[in-house]
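K.L.:
Below is the sequence, then the predicted model.
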Amino acid sequence: MSSPKQAFASLANKLRAAFAAGDWEAIALLDEECRALVTALGESDAADAALREQLAELSRVYDELQQAGRAERERL
């Protein structure tokens, strides 16, 4: 089983790939996976600086997705 850091890194990469491909259905499924991973985090994970860094990177990916969604909404 992978560590939470590895799981979030993999998820961020999958989200980037789905975004680059314009695959919003995959993004929706990956969002559900992200929610499950966040729910599974424990208190001991809060002290993991590397995990916090990976979560910050994932947050940046989500920011990009939100910006793209807003731009598309304005375009329509």
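P.N.:
The structure has been received and is ready for your questions.
K.L.:
next SSE after the helix or strand containing K5?
P.N.:
K5 is part of helix 4-21, with elements assigned from DSSP states H and E. For helix 4-21, the following helix or strand on the C-terminal side (DSSP H and E) is helix 24-40.
K.L.:
what mean pLDDT does the following helix or strand past that next one have?
P.N.:
Once the chain leaves helix 24-40, the next helix or strand it forms, by DSSP H and E, is helix 49-75. For helix 49-75, mean pLDDT is 92.
K.L.:
Give me the buried stretch members for helix 49-75, please.
P.N.:
Using 16 or more other Cβ atoms under 10 Å as the test for burial, helix 49-75 gives L51, Q54, L55, L58, V61, L65. C-betas here are computed from N, CA, C, even on glycine.
K.L.:
Can you tell me which of the residues you listed is closest to S44?
P.N.:
L51 (10.1 Å; Cβ to Cβ).
K.L.:
Check the gap between the closest one and S2 for me.
P.N.:
As judged by Cβ to Cβ, to the nearest Å, L51 and S2 stand 12 Å apart.
K.L.:
Could you do Q67 as well?
P.N.:
Distance, Q67 to S2, using Cβ to Cβ: 29 Å.
K.L.:
if we can go back for a sec, so what touches the helix holding K5?
P.N.:
Defining contact as Cβ atoms under 8 Å, 6 or more residues apart in numbering, one finds that helix 4-21 is touched by 2, 24, 26-27, 30, 33-34, 37, 40-41, 45, 48, 50-51, 54-55, 57-58, 61-62, 64-65, 68.
K.L.:
Restricting the selection to alpha carbons, write it to CSV.
P.N.:
Presented in CSV, the C-alpha positions along helix 4-21 are these (Å, rounded to 0.1, in the frame of the first residue of the first chain):
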residue,chain,number,x,y,z
PRO,A,4,-0.5,9.1,1.8
LYS,A,5,2.2,11.3,0.2
GLN,A,6,2.6,8.9,-2.7
ALA,A,7,-1.2,8.6,-3.1
PHE,A,8,-1.7,12.4,-3.3
ALA,A,9,1.3,12.8,-5.7
SER,A,10,-0.2,10.2,-8.0
LEU,A,11,-3.6,11.8,-7.7
ALA,A,12,-2.2,15.2,-8.6
ASN,A,13,-0.5,13.7,-11.7
LYS,A,14,-3.7,11.9,-12.8
LEU,A,15,-5.6,15.2,-12.3
ARG,A,16,-3.1,17.1,-14.4
ALA,A,17,-3.3,14.5,-17.2
ALA,A,18,-7.1,14.4,-17.2
PHE,A,19,-7.1,18.2,-17.3
ALA,A,20,-4.7,18.3,-20.2
ALA,A,21,-6.9,15.8,-22.0
